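Colleague: My questions concern the predicted model and sequence given below.
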Amino acid sequence: MTVLNTNHILTFSCIVSAAVVILGRTCSCLQFTYPNFNTSQKDDFSFSPGSSITNGSLYITPNTGNISHQSGRVVYARETLKLWNSKRTSLTSFRTEFVLNILPQNGSAGEGMAFILTNNPSLPSNSSGQWLGVFNNQTDGAFENRVVAVEFDTRKSYKDDLDGNHVGIDIDSIKSVDQIPLSNQSITLSSGSDVWVGIKYDGTTLLFEVTLIQYSTSGQQHVSGVSRLIDLSLGLLDDIHLVFAGSTGDFTQLNQIKSWNFTTIDNVGRGHGRKVLLALIVLTIFALCLFAVLFMWRRLTRQRRLAYRNLEKMIDAHGPVKFKLKELRRATANFSPTRKLGRGGFGTVYLGYISRMNLEVAVKRVSTNNAKSDRGEQEFVAEVNTISKLSHRNLVKLIGWCHEGAELLLIYEYFPMGSLDKLLYASARVSNLSSETSVLELTWERRYRIICGVASALDYLHHGSSKRILHRDVKTSNVMLDEDYNARLGDFGLARVIQHDGVTHHSTQAVAGTRGYMAYESFFTGRASLDTDVYAFGVFIMEVVSGRSPSSSVSYRNQDESAGSTREAMYIVDWIWRHYGEGNVLAAADTVLRGVYDKAQVDCAVRLAVACCHPNPRERPSMRTVVQVLMGGAPAPEPPYVKPAFVWPPSGSQSEIQLPHVGLLFTGGQTSFCSMTSTSLTGR
C-alpha cells in the first residue's frame, strides 16, 4: 500500500492553488514554485555569507567548516510582496508551502529556523544562537525591525520559550506573541525528517494560520498548527521581502529548505468560456486527488476511528492540545478539594500545574451526570470547537482538552485574580469594614476598562471572528481578571456558531442562560440571537456600575406628594432605567466608589446599558456600535426616559412563532431579529 509523503502533499497543495486561481482568485502580484533547487537558480535569491544551494536544497546556515554560532538568511530576490492587493481594497492575501529539514550535528540540535516577512532583508550582526538570524540583543523588540516571523525553534535558549521543540509567531521580537509545543503532536523539528509547512494569510479577516505535517517511519500523519489575527499594515511597509533565516549556537544543525511555492490571492470575478472549461478540468482532477487522499486517510486511520467513533471525532483535529487523564490527575492532585477554584452549572474548576509546560492552568471537570448525557457531550464539543478557533486579548484561551472513559475535561489559562463577581462584591464587604482605610481594588477606571474589554470581546465574537458566535451566557462570574485588571470573557459551554445560512451546529430544547441577564424575548420565543447577547451585556454594565446583583431586587425611594417618601422594590434594569428617566444617573453608581469616578463615563455607561436593555430588540445597538461609543468614537445613545412596554412581535416585523425553523438573516451587515437562530435556550 502506498503511503502519503510530503511530496504528495506538496503536489496536492499545488493542485488546490491552481483550482483557486482558475475559479476566480488569481495571483495579483507574486507567484513562484520550486519543487527543488539547483545552482542555475542562484540569481533568484540573495544569500548571506555561508548560505548556499547544495544538493537540491537551500542551506540557510553554513553546512561546512565551523558551523557553530552561525546565522544566515536566504532572500527571494526576484520580486517583493506588495502589502496591499491590486485594487488596494484590502491587505494582500497569500499562501505558501515549503518543506524544511533540520538535521542535528554531533547528536544535539540548536538553535532553529524562521520564515520572515520583512522590509529589512539584511542579516543582523550577532544574530546567532537564540536570535535565529532574525534579531540581535540590540534590535530585539524594536518597531523599526518591521518583521513578522514564524519560528521553528529546536532549543529552549530564551526564557519565554515553551520548550526546545515548538513553533511560534513573532512580531518585531524573539518573544513570540503565540507559540505551541509540537511534541504533544509527535512532531520533532530536529529529527532529520521532512516537515511540511503551510502558511496562509487572509488580508480581509487578518487571520494568519500556520500548519505543520510530519510523517512517522510507519507512515502515520502528525498535524499541528497555530493561528492568530495579525494586521500586517501596523508594522510592515508596502514592499515586503520573503526570507528564510536560521542559526546555530553551541549545538549545531543543518537548516535546509527542500521545496517552496508561494502565491498571492486576489478577487477578480468570474471567468469566461475557455476559463470555465479549464476550471472544470482542474476541478475534476482535484476531485480525483481528493478522493484518493480521503481513501488513503480512511485506510490509515481506520483503527483509530473505530476506537474513538463517538465524541472524539466531533472535535476539530486541528484544535487545542489533547492531554492524558493521568497527567491532569497529577496536575490537580487527583482533583483535590483544596485545589477547587469554583463550581458552575456543568462542572467544577480546579487549579492545576502542568510540569512539562511549567504552567499553572484551570482545569474544568464536567460533572459526571453531564458528561454521560448527550447534552453534556454537546456542550463539551461546542466549547472545544468554538473557543479553540478564537484569538482575542479579552477572551480566555483554551489550552487543551481530555476525554477518557467518563471524564470530560477542559484546560484553560489560569487567572489568580479570579472572576469579576467575586471581586465586585468583595469590594463592597471591604468598604463596609472600614470606610476610611480600605483599599478599593475595583476603582472606576478599572471598571470602565473591564466594560470596554468585555464589549471588545463580544464585538469580536459577533463581527470579528471568521464565523458569528453567540456567547449566550454573558455575566460577571464568566469574566476573569488578569493581574492588570484586564477582562477575559470565558465559559463557552453555551456558545453557538451561526453560519451565514442561519444554521447552528447544535440545538437544545430549553431556554439557556442565566436569569437576570436574559432578554424578554428569550422567554417568549425560546431562541437566542445577537440581540440577546447585547441585552445580557447591558445588564452586565449595570451590575459593574452599581455593584448590585441582577438576581436580587433593589429598593428605590419613590417621592409621592400625598403619601411622602415610599420605597419600591424592583430589579436592576427597572431600577437603573428609573434613575436615568429622572435625570439622576449618578445615583446608580456603586456607593463603594464614594463619588470617585468620571461623571461623563458613568453617564455614558448608564445610557448605553439602558439602550442595550431596550425591550424591543430592534432598538438595541450592535456590539460594534457599543465599542465605538465606549471608545468615544460615537455619541452615547438617548433611549426613552420611560421604559417602553415589551410587545411581541416588534413593530413592523412578522411573528416567528408560526415559523419553527427560521434562521438568522443578515441584512446590510446587521442582524434582523424577526428571523433569529434556531438555537433554543436552558435555564441555569
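Modeller: Arrived safely.
Colleague: For the spatially closest residue to residue 325 that is not a sequence neighbour, give me phi and psi.
Modeller: Closest residue in space to residue 325, ignoring its immediate chain neighbours: residue 404 at 4.1 Å, by CB to CB, 6 or more residues apart in numbering. In this view, the C-beta of every residue, glycine as well, is placed from N, C-alpha and C. For residue 404, the backbone dihedrals (degrees, to the nearest 10) come out as phi -140, psi 130.
Colleague: Looks like residue 404 contacts residue 322 (just checking).
Modeller: No - under the criterion of CB atoms under 8 Å, residue 404 makes no contact with residue 322, lying 9.8 Å away.
Colleague: Just say helix, strand or coil for residue 255.
Modeller: Following DSSP: H, G, I helix; E, B strand; the rest coil, we place residue 255 in the strand state.
Colleague: Quick one: residues contacting it.
Modeller: Neighbouring residues of residue 255 by CB atoms under 8 Å, 6 or more residues apart in numbering: 59-61, 72, 100, 102, 113, 246-248.
Colleague: thinking again about what came up before, ok, so what distance separates the residue nearest to residue 325 from residue 183?
Modeller: Remark: distance between residue 404 and residue 183 (CB to CB, to the nearest Å) = 20 Å.
Colleague: remind me, longest helix of the chain?
Modeller: Using DSSP state H, we find that the single longest helix of the chain is helix 273-300.
Colleague: Return the set of buried residues in that helix.
Modeller: By neighbour count on 16 or more other CB atoms under 10 Å, the buried set for helix 273-300 is 279, 282, 286, 289, 296, 300.
Colleague: Over to stretch 104-113?
Modeller: 104, 109-113.
Colleague: for those residues, which one is nearest residue 179?
Modeller: residue 112 (11.8 Å; CB to CB).
Colleague: Chain neighbours aside, what residue packs nearest to the closest one?
Modeller: residue 153 (4.1 Å).
Colleague: want to throw the buried residues of helix 273-300 into JSON lines with distance to residue 172?
Modeller: Formatted as JSON lines, those follow (distance: CB to CB, whole Å):
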{"residue": "279", "distance to residue 172": "41"}
{"residue": "282", "distance to residue 172": "40"}
{"residue": "286", "distance to residue 172": "39"}
{"residue": "289", "distance to residue 172": "40"}
{"residue": "296", "distance to residue 172": "42"}
{"residue": "300", "distance to residue 172": "41"}
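Colleague: where does the stretch 251-400 of the chain dip in pLDDT?
Modeller: Filtered on pLDDT under 70, the stretch 251-400 of the chain yields the residue ranges 266-276, 301-319, 344-346, 367-380, 382-383.
Colleague: Could I get the full set of strands for it?
Modeller: Ranges of strands within the stretch 251-400 of the chain are 252-267, 321-322, 340-344, 347-354, 359-366, 398-404, based on DSSP state E, counting those that start in this stretch.
Colleague: mind checking which of these is nearest residue 537?
Modeller: Of these, nearest to residue 537 by CB to CB is strand 340-344, at 19.5 Å.
Colleague: now for the closest one, which elements pack on it?
Modeller: When contacts are defined as 3 or more CB pairs under 8 Å, 6 or more residues apart in numbering; DSSP states H and E, strand 340-344 packs onto strand 347-354.
Colleague: The strand it packs on pairs with which strands?
Modeller: Looking at strand 347-354 with DSSP bridges, its partner strands are strand 340-344 (antiparallel), strand 359-366 (antiparallel).
Colleague: Who are the packing partners of the longest helix of the chain?
Modeller: Packing contacts for helix 273-300, counted by 3+ CB pairs under 8 Å, 6+ apart, involve helix 6-22.
Colleague: Output the lowest mean pLDDT helix or strand found in the chain.
Modeller: strand 665-667 (a mean of 27; mean pLDDT, DSSP states H and E).
Colleague: Next, the residue lying closest to residue 520 once chain neighbours are set aside: secondary structure please.
Modeller: Among residues not flanking residue 520 along the chain, residue 646 sits closest, at 4.5 Å (CB to CB, 6+ apart). Following three-state DSSP, we place residue 646 in the coil state.
Colleague: Contact partners for residue 646?
Modeller: Contact analysis of residue 646 by CB under 8 Å, 6+ apart lists 520-521, 615-616.
Colleague: again with residue 490
Modeller: Residue 490 touches 395-396, 412, 478-480, counting by CB under 8 Å, 6+ apart.
Colleague: Repeat that for residue 365.
Modeller: Residue 365 neighbours (CB under 8 Å, 6+ apart): 335, 347-350, 407-409.
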